[in-house]
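Participant: could you work out the structure for the sequence below:
(one chain, ligands or ions: 1)
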Amino acid sequence: MATALQENTFTGTQESASAVIRVEDIRHSYGKRTALKGISFDVAVGEIFGLLGPNGSGKTTLFRILSTLMLPTSGRALVSGFDSIKQADEVRRRIGVVFQSKSVDLKLTAAENLWHQGHLYGLRGATLKSRIQEMLERVALADRAKDKVETFSGGMQRRVELAKGLMHRPSVLLLDEPTTGLDPGARRDLWLYLDELRMREKVSIIATTHLMEEAEHCDRLAILNLGDIVGLGTPAELRSEIGGDVVMLEAADPAALAQRIQEQFKIATTALDAKVRLEIKDGLKFVTAVAEAMPGTIQSVSISKPTLDDVFISRTGHRFWTEQEQQEND
Ligand code: ADP
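Facilitator: Residues are numbered from 1 along each chain as shown. Predicted coordinates:
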């Protein structure tokens, strides 16, 4: 029988003692292309942990490694102390995986979908029947058990997938872009439901997302860029690192404006969307001072509190989305 590595790996701080997932220096390359450059983080019991990153940042690669579908080039992941490479079966027993692509059978009822899933995990007879009932109740679909899934809304179908992922009572739920294809209302509902799930059942959740607003629902986040973690913490912690305000200035000649600000005010600026962007404690005071020092130069001004997008810009020097991607997402 496999033995948990808990004792020799989960030593040290209190925080690591409650970690149900530990990711240690995972690297992955596809041939010459490096997708992950050494990723490490812990996830606590009952925590919702987000992997936020733009396309190509390595989310899918990491997701596939954590769900034991792929081996990393180096490094390892531990789930409840079990090594995802050496003890993959033990890890599989403890994780529920919900992929982005649909995995429910639309022609079957909600209960039939769960019946097949339970069978895969060796559940039979009365145990299977009561588990199906329990899971449908958990995702608030007990009254629709006998309805074909094709009659369900997108949000309800996603909840059937969650119920499938929970059939074998995993302690960890891995969700790949969980709200893809859902309208804003169904997205909000799903996050409310996930929040309830981790509170009631103490299930730890790792969710990949490319949506900033979704990342705000997570307790903690790893922000990925080109295979690196460029930010790790609660959404509030990450935003507070910027401190103060984010100012965007539009001018006929942004490069000249940026240079004058750097010379006169000794403030670092970034060029973004043909505007001058900077972070400053008191945005209003600064803008007033610039307008006085350089009358007629500035065409428009915006002052805002930092968002996760600003955290990304601050760490990488570029936007999370290209403008075209932003339009596609709006
Ligand atoms: P994300 O899910 O954040 O979009 P991926 O993990 O899919 O990121 O991709 C990370 C990097 O690895 C990208 O540069 C991507 O082109 C590359 N990549 C992903 N899958 C493969 C593959 N099967 N073969 C070669 N390169 C790949």
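
Participant: okay, now the unreliable bits of the stretch 51-200 of the chain?
Facilitator: Of all residues in the stretch 51-200 of the chain, none has pLDDT under 70.

Participant: where along it do the helices fall?
Facilitator: Using DSSP state H, counting those that start in this stretch, the helices of the stretch 51-200 of the chain run over 59-66, 88-94, 110-120, 125-138, 154-166, 184-201.

Participant: which other helices and strands contact the first one?
Facilitator: I take that to be helix 59-66. Applying 3 or more CB pairs under 8 Å, 6 or more residues apart in numbering; DSSP states H and E, we find helix 59-66 packed against strand 19-30, strand 33-44, strand 48-52, strand 172-176, strand 204-209. C-beta: built from backbone N, CA, C; applies to glycine.

Participant: for that helix, buried residues please.
Facilitator: For helix 59-66, the neighbour count (16 or more other CB atoms under 10 Å) marks Lys59, Thr60, Thr61, Leu62, Phe63, Arg64, Ile65, Leu66 as buried.

Participant: got those residues as CSV, with distance to the ligand columns?
Facilitator: Shown next, in CSV, are these (distance: CB to the nearest ligand atom, whole Å):
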residue, distance to the ligand
Lys59, 4
Thr60, 3
Thr61, 3
Leu62, 7
Phe63, 7
Arg64, 8
Ile65, 10
Leu66, 12
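
Participant: got those residues as a markdown table, with distance to Thr269 columns?
Facilitator: Written out in a markdown table, the entries for the buried residues of helix 59-66 read as follows (distance: CB to CB, whole Å):
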| residue | distance to Thr269 |
| --- | --- |
| Lys59 | 30 |
| Thr60 | 34 |
| Thr61 | 34 |
| Leu62 | 33 |
| Phe63 | 36 |
| Arg64 | 39 |
| Ile65 | 38 |
| Leu66 | 39 |
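
Participant: which one of these is nearest Asp273?
Facilitator: Among these, Lys59 lies closest to Asp273 (CB to CB), at 25.0 Å.

Participant: what's the closest non-adjacent residue to that closest one?
Facilitator: Thr208 (4.2 Å; CB to CB, 6 or more residues apart in numbering).

Participant: over to Trp115?
Facilitator: Leaving aside its chain neighbours, Trp115 sits nearest to Ile132 (6.2 Å; criterion: CB to CB, 6+ apart).

Participant: if I look at that neighbour, how far off is Asp189?
Facilitator: Relative to Asp189, Ile132 is positioned 22 Å away (CB to CB, to the nearest Å).

Participant: check which helix or strand Leu224 maps to.
Facilitator: Using DSSP states H and E, Leu224 maps to strand 220-225.

Participant: up against the ligand, what does the stretch 1-150 of the chain have?
Facilitator: Within the stretch 1-150 of the chain, the positions adjacent to the ligand are Tyr30, Arg33, Ala35, Gly53, Asn55, Gly56, Ser57, Gly58, Lys59, Thr60, Thr61 by CB under 6 Å from any ligand atom.

Participant: before we move on, the earlier item: possible to save the helices of the stretch 51-200 of the chain as a markdown table with distance to Gly244?
Facilitator: What follows is the helices of the stretch 51-200 of the chain, written out as a markdown table (distance: least, CB to CB, whole Å):
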| stretch | distance to Gly244 |
| --- | --- |
| helix 59-66 | 30 |
| helix 88-94 | 43 |
| helix 110-120 | 50 |
| helix 125-138 | 43 |
| helix 154-166 | 38 |
| helix 184-201 | 29 |
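
Participant: so which of those helices is nearest Val311?
Facilitator: helix 59-66 (16.7 Å).

Participant: run through who's touching the closest one.
Facilitator: Contact partners of helix 59-66, identified using CB atoms under 8 Å, 6 or more residues apart in numbering, comprise 21, 23, 26, 28, 35-36, 39, 51, 53, 70-72, 77, 84, 95, 174, 176, 206, 208, 210, 224.

Participant: circling back: closest one to Lys102 among the helices and strands packed on helix 59-66?
Facilitator: strand 172-176 (11.9 Å).

Participant: the residue nearest to Lys59: neighbour count?
Facilitator: Using other CB atoms under 10 Å, Thr208 is surrounded by 23 other residues.

Participant: which residues does it bridge with?
Facilitator: Note on Thr208: beta-bridge partners by DSSP bridges are Leu51, Asp176.

Participant: residue contacts, it?
Facilitator: Contact analysis of Thr208 by CB under 8 Å, 6+ apart lists Gly50, Leu51, Leu52, Gly53, Lys59, Thr60, Leu62, Phe63, Leu175, Asp176, Glu177.

Participant: separation between the third one and His217?
Facilitator: When CB to CB is the yardstick, Leu52 and His217 sit 11 Å from each other.

Participant: compare these two (neighbour count), which wins?
Facilitator: Using other CB under 10 Å as the criterion, Leu52 and His217 rank with Leu52 on top: 28 against 21.
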